[in-house]
Structures are given as C-alpha cells and as structure tokens.
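**Q** Model the following, please.
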Amino acid sequence: MPIELKMPALSPTMEEGTLARWLVKEGDKVSSGDLLAEIETDKATMEFEAVDEGIVTKILVAEGTDGVKVGAVIAMIQGEDDEGAVDKGDAHPRPLPQAGGEQVKSAPKTAMVAQPAITPLPQAGGVGGGPATSQSSDRVKASPLAKRIAGNKGLDLTTISGTGPNGRIVKADVEAISGEGRSPVAPAELDRGLRRETPAPTQAIDTDIPHEVVKLSNMRKTIARRLTESKQTVPHIYLTVDVRLDALLKLRGELNASLEGRGIKLSVNDMLIKALALALVQVPKCNVSFAGDNMLQYARADISVAVSVPTGLITPIITDAANKSLSKISTEVAELAARAKDGKLQPHEYQGGTASISNMGMMGIKQFDAVINPPQAMILAVGAGEKRPYIVDDALAIATVMSATGSFDHRAIDGADGAMFMKVFKELVEKPLGLVA
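**A** Alright, predicted model coming up:
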C-alpha cells in the first residue's frame with residue numbers, strides 16, 4: 001500500500017512549518033530511521049525521520065515551501081512488501097488488480113514522524129504514560145534512531161508511548177521525555193496546542209516611501225503572537241533594584257584565572273543565571289506558573305536564557321541551574337547559544353523553563369522592562385554595569401552598579417513576594433561567594 005508522508009507536528013504549538021530541504025529524491029530507497037527532510041519550525045530546523053521501508057515515489061511539496069500545514073501530505077512512499085510494489089525507477093505506485101478486471105489503487109496509509117501536537121503528561125507508573133505497544137509480544141516497536149537515542153540517554157523504551165504508525169516509537173517520542181522529571185506543561189500551554197490561534201487582522205500600509213517588503217519568518221510570527229498574547233492576558237508588575245557588582249567582578253576575575261587551563265571563561269551573565277536560580281529556590285513563591293484554577297509550584301529552577309538569532313529571539317534552557325557549577329553553566333550556555341544561532345536546538349532544549357533572564361547590558365542598555373514568556377510567571381531584565389556615585393559604608397563613593405528589573409505575573413506572584421525575590425537576588429550578587437558554596 002502507498003504510504004502518505006505528512007507534515008509532522010514537531011512542537012506542541014506548531015501549526016505549520018517550512019520544508020527547508022529534502023534529503024532524498026524520487027526513486028530513492030529508504031529504510032526505517034533514515035532522514036528524509038529538514039523542516040523549519042517556529043524555533044529551529046529539525047530532521048524528519050522515516051519509520052517505514054520503501055521507495056520514494058512522489059515528492060508533493062518542493063523544498064523551500066513555507067506555510068505547510070501540519071498533517072498536509074508532502075510525499076508518497078511505496079512499501080517494499082506491497083503486492084505490485086514499484087521498481088526503484090517508477091514514479092508512481094502501480095494500481096492493484098480487483099475482481100472483475102478493474103484496476104484500482106489501494107487506499108493509502110499514513111506515516112508521520114513527529115511528537116503529537118500536545119506532549120503527553122507523565123502518568124503514574126511510567127515516564128511516558130503507558131506501554132510502548134499493545135502487542136502481546138514483549139518486543140518494543142521503535143525506529144532504529146529512536147532506539148539509539150534512548151540507549152544514549154539511558155531511557156527504557158517500554159515506558160514510552162509511540163506516536164508513529166501502529167504505535168511505533170519514533171525520535172520525537174524519545175526526545176519529548178528525555179528530560180525525565182522536567183516541569184510539566186502548564187494547562188495554558190496545552191490549551192494553545194489544542195486550539196487553532198486566530199491571527200490578528202493585519203492592516204495594509206499604503207505608503208510612497210521607498211521600501212522593501214520582508215516576509216516574516218516562522219519564528220518572527222510566533223514571537224509577534226506570543227508577546228501580544230502575553231501583554232494582553234498577563235498583568236505585569238515591574239520591580240527594579242540597583243545592584244553593586246564590584247565583589248562579583250573581583251570573584252569572576254579570580255575564577256577565570258583558575259579556569260584558564262580548562263579553556264573556560266565565565267561571563268557576568270553566567271553568574272547572574274546562577275544567582276537567579278538560587279533566588280528562585282530561596283523564594284519558591286516566584287518559581288511558579290499560573291494555570292487557571294491551579295498554580296504549578298516548580299521543584300527546581302530551569303532558567304531560559306534569551307539569545308538573539310538572525311530570525312528573532314530564542315530561549316535555550318539551563319536545567320536545574322541552582323545545582324550546577326558556574327563552569328558547567330558557562331559551558332552549557334555557550335554550546336546552546338551556538339546551536340541556537342545555527343537553528344539546531346531540539347524542542348526539549350528551548351520548551352519549558354520556570355523563569356527567564358534577558359541581558360542587554362553588553363549593548364549599553366541601562367534599564368528595561370521585559371515581557372513575560374508564558375506560561376512562566378517572571379523574567380529578569382538585566383542592564384549594563386556602569387560606574388556610578390554610590391553610598392558605601394555610609395560614605396559617597398564610586399561603584400560599579402547594575403539595574404535589574406523583574407517582571408512578574410501578578411495573577412501568580414504578589415508584589416511582596418516579588419520584592420523579596422529581588423532582595424535575595426541583590427544579596428546573592430553583592431555577596432557572590434554564595435554562588436560557589
């Protein structure tokens with residue numbers, strides 16, 4: 001039977017994507033686990049994996065096509081075990097004979113390599129929420145690539161639910177739960193995946209000023225939609241503190257001198273990420289998400305770090321940052337930022353997080369208010385450290401001072417709790433030995 005390859009949903013909120021590049025051509029033979037195409041989502045470029053063996057008979061969507069809806073048929077494969085299967089050079093599957101001499105094509109089946117539109121929440125008794133297959137056999141149905149990833153991550157395939165054809169476990173299923181114990185998806189985020197967003201009406205601009213029309217990338221469209229939604233639905237409260245950096249800068253210099261032989265150079269931002277995470281642990285009322293009639297209270301601090309890329313902004317996540325060393329945080333930030341700029345992040349590396357940090361200090365910005373990234377309930381905006389007149393030991397002196405502004409979701413976080421968080425953050429930065437204790 002011919003197999004329909006459909007545009008996969010590679011993230012909980014993905015509704016359409018760009019077919020960036022085909023890695024196969026018509027007539028090619030493919031096996032389970034082979035890479036078929038690269039698909040650009042709103043955040044990254046991801047690989048599309050085959051789950052069935054056969055021959056690519058027809059490519060229906062040309063590479064470079066954007067706005068391809070999830071579920072749209074993009075190619076056809078003829079299974080090798082089909083009666084009347086095509087030769088490698090055939091362009092279309094042969095029709096199968098029917099009683100009475102008429103020729104009819106068999107009804108196509110479908111094959112999608114993707115996580116579902118909604119990432120399943122963990123269920124009692126297993127990481128993935130159920131057995132990998134309903135077959136009585138103990139053999140787990142999984143693609144070779146999924147087995148390899150699971151083996152590398154030490155995951156038990158019998159605890160993972162497959163979303164491929166006939167319950168087969170595919171790459172996206174393994175990646176969806178590879179961060180075992182990570183924070184569950186908030187109901188508000190689940191709701192966004194279930195309903196189709198109605199785009200805001202756009203107004204045509206009539207102008208005689210010379211201009212160029214630049215088409216929005218998928219990432220830019222998503223940023224526009226999510227930030228509009230955040231400002232319209234999340235009541236923001238802003239709290240600002242001035243933080244003296246002299247002690248932190250001195251400690252950073254000493255640590256970098258000791259880490260030079262390991263090729264690690266700590267940035268101020270690496271140390272602020274650790275301070276933010278520790279402050280969330282010490283003030284857990286700010287490490288939450290608002291979820292309608294419920295509140296999600298997170299057991300660890302996963303910090304989303306805003307990174308500017310050519311197509312917009314993405315926030316790779318430093319998981320459990322409070323319990324990682326500064327050198328580990330520095331290494332992870334550098335590696336994630338590099339892959340973010342190449343569009344190679346995996347969904348679990350940028351989806352989730354319990355709070356965000358955005359640092360514009362390196363561009364000389366003194367102070368700014370950042371927009372919360374739902375379903376998170378706070379984001380910390382960091383300005384430049386600069387020499388300012390400052391009271392030190394009851395005397396006027398010159399100190400290196402930075403302004404930091406916390407944006408809090410007032411539905412989930414009271415002003416007093418936000419103020420306590422900013423106080424703790426300030427103390428951690430001004431007495432930075434606590435960051436390495």
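**Q** List the buried residues for stretch 404-416?
**A** 404, 405, 406, 407, 408, 409, 412, 413 (16 or more other C-beta atoms under 10 Å). Where C-beta positions appear, they are placed from N, C-alpha and C, glycine not excepted.
**Q** biggest separation within these, which pair?
**A** Across the buried residues of stretch 404-416, the longest distance by C-beta to C-beta is 19.9 Å; it joins 404 and 412.
**Q** Enumerate residues external to stretch 427-437 that contact any of its residues.
**A** The contact list for stretch 427-437, computed with C-beta atoms under 8 Å, 6 or more residues apart in numbering, reads 243-245, 247-248, 251, 255, 271-272, 274-275, 278-279, 325-326, 402.
**Q** same thing but 10 Å
**A** The contact list for stretch 427-437, computed with C-beta atoms under 10 Å, 6 or more residues apart in numbering, reads 241, 243-252, 255, 268, 270-279, 282, 325-327, 329, 402, 404.
**Q** Any of those residues buried? List them.
**A** 241, 243-246, 248, 251-252, 255, 268, 270-279, 282, 326-327, 329, 402, 404.
**Q** who touches the residue nearest to residue 322 when sequence neighbours are not counted in this structure?
**A** In this structure, residue 322 finds its nearest non-sequential neighbour in residue 277, 3.9 Å apart by C-beta to C-beta, 6 or more residues apart in numbering. With contact set as C-beta under 10 Å, 6+ apart, residue 277 has these partners: 287, 300-303, 318, 320-324, 329, 354-355, 357, 428, 435.
**Q** For my notes, confirm residue 277 occurs in a helix.
**A** Yes: checked against DSSP: H, G, I helix; E, B strand; the rest coil, residue 277 lies within a helix.
**Q** what about it, distance to residue 357?
**A** Computed as C-beta to C-beta, to the nearest Å, the residue 277 to residue 357 distance reads 9 Å.
**Q** Show me where the stretch 101-250 of the chain has its strands.
**A** 103-104, 109-111, 236-244 (DSSP state E, counting those that start in this stretch).
**Q** Counting by contacts, list what the last one packs against.
**A** Identification of packing neighbours for strand 236-244 by 3 or more C-beta pairs under 10 Å, 6 or more residues apart in numbering; DSSP states H and E yields strand 378-382, strand 386-392, strand 395-409, helix 415-430.
**Q** That strand vs strand 395-409, what angle?
**A** 150 degrees (axes from the mean of the first three to the mean of the last three C-alpha atoms, to 10 degrees).
**Q** And for residue 231, nearest residue in space, chain neighbours not counted?
**A** residue 371 (6.2 Å).
**Q** Now do that neighbour: how many residues are near it, please.
**A** By other C-beta atoms under 10 Å, the residues close to residue 371 number 18.
**Q** cool, and the one 5 residues further on?
**A** Other residues near residue 376 come to 27 when the count uses other C-beta under 10 Å.
**Q** Hmm, residue 66 is touching residue 18, no?
**A** Yes: the pair residue 66 / residue 18 is scored as a contact, 3.9 Å apart, by C-beta atoms under 10 Å.
**Q** Neighbour count: the two, which is higher?
**A** Set residue 66 next to residue 18 and count neighbours by other C-beta under 10 Å: residue 18 wins out with 19 against 14.
**Q** Let me see the contact set for the more buried one.
**A** Per C-beta under 10 Å, 6+ apart, neighbours of residue 18: 38-42, 45, 63-68, 217-218.
**Q** Kindly report the same for residue 423.
**A** Neighbour list for residue 423: 239, 241, 279, 283 [criterion: C-beta under 10 Å, 6+ apart].
**Q** Output those in JSON lines; the columns should cover pLDDT and distance to residue 49.
**A** Conversion of the contacts of residue 423 to JSON lines gives the following (pLDDT from 0 to 100; distance: C-beta to C-beta, whole Å):
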{"residue": "239", "pLDDT": "98", "distance to residue 49": "46"}
{"residue": "241", "pLDDT": "98", "distance to residue 49": "48"}
{"residue": "279", "pLDDT": "98", "distance to residue 49": "41"}
{"residue": "283", "pLDDT": "98", "distance to residue 49": "43"}
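**Q** For residue 406, which residues are in contact?
**A** Listed by C-beta under 10 Å, 6+ apart, the contact set of residue 406 reads 237-241, 276, 279, 286, 355, 369-370, 378-381, 413, 418-419, 421-422, 425.
**Q** Just the buried ones from those residues?
**A** Judged by 16+ other C-beta under 10 Å, buried ones among these: 239, 241, 276, 279, 286, 355, 370, 378-381, 413, 418-419, 421-422, 425.
**Q** Break the chain down into its domains, please.
**A** Split into domains by automatic domain parsing, the chain comes to 1-97+104-114, 115-181, 235-435.
**Q** okay, the ones you listed in a markdown table with distance to residue 222 next?
**A** Formatted as a markdown table, the domains of the chain follow (distance: least, C-beta to C-beta, whole Å):
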| stretch | distance to residue 222 |
| --- | --- |
| domain 1-97+104-114 | 4 |
| domain 115-181 | 15 |
| domain 235-435 | 8 |
